[in-house]
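Student: attaching a predicted model along with its sequence, questions to come.
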Amino acid sequence: MRLAISAVVALALVACSSLQPLPIKAGETCYGCRKIITDVRFAAEIVDVNGRAFKFRTVACLAKYLDQHPNERLDGVFVTNYSDGRLTRAANATFVRAVIDEASMERNYYAFRSAQDAAAFAQERDASAVDWPAVLGSVKGN
């Protein structure tokens, strides 16, 4: 009986410890720039070592925040996969910088879980697909 209880407790601890980002909703405030998140397809999120989630309006806003806070202790960095709207780890995504708002002509990063999807999207927009380190490098010192 003790063994069964120990096994259940161990499984519960492992299940609770798996990192899960929180859903990002339109209308929330960006932690970096303090603007309202209007289109969640471009949103991003970090989760710190205490399990707190901080949401960002765009991938570039998140990257700028990370550049300005290099000693931030994080458990996860997530971006919204443009293809399906689900959060994915930034390190596993491929990015395309293109216009995200036709009215303002704002350019930012689209994130894709699939490198093939990113390459096709980039080709349609005469852009390049890049990885997460390249995104981080593009905001260095800005």
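Tutor: That came through fine. If you're wondering where the values come from, they're calculated on a predicted model, not measured in any experiment.
Student: just the C-alphas of the helix or strand containing residue 62, formatted as PDB.
Tutor: If you go by DSSP states H and E, residue 62 is part of helix 59-68. What follows is helix 59-68, C-alpha atoms only, in PDB (Å, rounded to 0.1, in the frame of the first residue of the first chain):
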ATOM      1  CA  VAL A  59       8.100  38.300 -30.700                       C
ATOM      2  CA  ALA A  60      10.300  41.400 -31.000                       C
ATOM      3  CA  CYS A  61       8.900  42.900 -27.800                       C
ATOM      4  CA  LEU A  62       9.800  39.700 -26.000                       C
ATOM      5  CA  ALA A  63      13.300  39.600 -27.600                       C
ATOM      6  CA  LYS A  64      13.900  43.200 -26.600                       C
ATOM      7  CA  TYR A  65      12.900  42.500 -23.000                       C
ATOM      8  CA  LEU A  66      15.200  39.500 -22.900                       C
ATOM      9  CA  ASP A  67      18.100  41.600 -24.300                       C
ATOM     10  CA  GLN A  68      17.500  44.200 -21.500                       C
END
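Student: 3 is where my numbering starts, stick with that
Tutor: Noted, 3 is the first residue going forward, which turns the last one into helix 61-70.
Student: buried set for it?
Tutor: For helix 61-70, burial by neighbour count (16 or more other C-beta atoms under 10 Å) applies to 61, 62, 63, 64, 65, 66, 67, 68. Every C-beta, even on glycine, is put in place using the N, C-alpha and C of the backbone.
Student: other SSEs contacting it?
Tutor: Under the contact definition 3 or more C-beta pairs under 8 Å, 6 or more residues apart in numbering; DSSP states H and E, helix 61-70 sits against strand 46-50, strand 76-82, strand 108-114, helix 134-140.
Student: so where is this protein shaky, pLDDT-wise?
Tutor: The model of the chain has pLDDT under 70 over residues 3-20.
Student: and stretch 79-94, how far out from the chain middle?
Tutor: Here the centre of stretch 79-94 is set off from its chain's centre by 5 Å, with C-alpha atoms, centre = their mean, to the nearest Å.
Student: restricting to C-alpha, output it in CSV.
Tutor: C-alpha atoms of stretch 79-94 as CSV (Å, rounded to 0.1, in the frame of the first residue of the first chain):
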residue,chain,number,x,y,z
VAL,A,79,10.3,31.2,-23.6
PHE,A,80,7.2,30.6,-25.9
VAL,A,81,5.9,32.1,-29.1
THR,A,82,2.6,31.7,-30.8
ASN,A,83,2.7,29.3,-33.8
TYR,A,84,1.1,31.4,-36.6
SER,A,85,-0.2,28.2,-38.3
ASP,A,86,-2.4,27.0,-35.4
GLY,A,87,-2.3,29.7,-32.7
ARG,A,88,-0.7,27.3,-30.1
LEU,A,89,2.3,28.3,-28.0
THR,A,90,5.6,26.6,-28.8
ARG,A,91,9.1,27.0,-27.5
ALA,A,92,10.9,29.9,-29.2
ALA,A,93,14.1,27.8,-29.5
ASN,A,94,12.1,25.3,-31.6
